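> pasting the sequence and the predicted coordinates here, then a few questions.
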Amino acid sequence: MGIFDFIKNAGHKVIKHDDKEDAIEVVRRHLAAHGVSTKDVTIMVDGDKITLMGYVPTLDVKEKTVLLAGNIDGIAKVDDRLHVGERPGAAVATTTAPHPAGSTLGTGTGKVQMSPNETSGAGAPAWQSRTYTVEKGDTLSAISKKFYGDASDYNMIFEANKPMLSDPDKIYPGQVLRIPAQRPGA
């Protein structure tokens, strides 16, 4: 949990910044197009910041969700308030969540479903992956060499970033990638 910084003017051009009402649905569709369900996720968009709250099934999905949201053109920060696991059934209480003026709430109802742990982050697992912001001239092989000492391990980075990456040769400056903690056999 925490706030992740991204390069604001790099990424997929999916949000029309003059159409605030659709920003949340555009983000939802973008995540869904990459295989990420937002069934138990509330999305808030406030200018160049996206806040993600709720539940995802695995740490892998959590990391991908944050990076997919942050790798959208115009987004500079993602506030990760996601929990790994299932939403507690009986422990869920509906509360009116205060949000800054001008922000947009993903449920469209003005209410957010929160568990008692939601704001405290109690028991939230730490990210297993590191992140890396692609620089001009980078390749997955060069990034692999930098982190693992072996350029041929680039496929591990590629696989960790699927479906955000569809081709190992299609990365761009400013894109933030997941770097798995250790290479196979290490």
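Thanks, I have the structure now. Numbers count the residues shown, from 1 in each chain.

> make it CA atoms for all contacts and neighbour counts henceforth
Noted.

> do a quick rundown of the strands in this protein.
2-5, 41-46, 49-56, 77-84, 93-95, 104-105, 112-114, 130-133, 176-179 (DSSP state E).

> show me where this structure has its helices.
23-33, 59-70, 140-148, 154-160 (DSSP state H).

> show me what stretch 59-71 is in contact with.
4-6, 10-12, 27, 30-31, 36, 50, 52, 56, 75-78, 80, 82-84, 125, 127-129, 161, 164, 175-178 (Cα atoms under 8 Å, 6 or more residues apart in numbering).

> if we use 7 Å, what do you get?
For stretch 59-71, contacts defined as Cα atoms under 7 Å, 6 or more residues apart in numbering pick out 6, 10-12, 27, 31, 36, 56, 76-78, 80, 82, 84, 164, 175-176.

> returning to that earlier point: so which of the strands of the chain comes closest to residue 168?
Across the strands of the chain, residue 168 has its closest neighbour in strand 176-179 (11.7 Å, Cα to Cα).

> which residues touch the closest one?
Strand 176-179 has contacts (Cα under 7 Å, 6+ apart) with 67, 71, 129-134, 157, 160-161.

> with neighbour count and distance to residue 46 added, can I get the residues you listed in JSON lines?
Shown next, in JSON lines, are these (neighbours: other Cα atoms under 10 Å; distance: Cα to Cα, whole Å):
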{"residue": "67", "neighbour count": "21", "distance to residue 46": "17"}
{"residue": "71", "neighbour count": "26", "distance to residue 46": "16"}
{"residue": "129", "neighbour count": "16", "distance to residue 46": "27"}
{"residue": "130", "neighbour count": "13", "distance to residue 46": "26"}
{"residue": "131", "neighbour count": "16", "distance to residue 46": "23"}
{"residue": "132", "neighbour count": "14", "distance to residue 46": "25"}
{"residue": "133", "neighbour count": "16", "distance to residue 46": "23"}
{"residue": "134", "neighbour count": "17", "distance to residue 46": "25"}
{"residue": "157", "neighbour count": "20", "distance to residue 46": "31"}
{"residue": "160", "neighbour count": "18", "distance to residue 46": "28"}
{"residue": "161", "neighbour count": "22", "distance to residue 46": "26"}
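
> least confident secondary structure element in the protein?
In the chain, no helix or strand scores lower on mean pLDDT, DSSP states H and E than strand 112-114, which sits at a mean of 30.

> from the centroid of the chain, which residue is nearest?
By Cα atoms, centre = their mean, the mean C-alpha position of the chain lies nearest to residue 66, the distance being 1.0 Å.

> how much space separates that one from residue 60?
Per Cα to Cα, to the nearest Å, residue 66 is found 10 Å from residue 60.

> and what of residue 44?
Counting by Cα to Cα - residue 44 and residue 60 are separated by 21 Å.

> and what of residue 180?
10 Å.

> what do you get for residue 42?
Counting by Cα to Cα, the gap from residue 42 to residue 60 is 18 Å.
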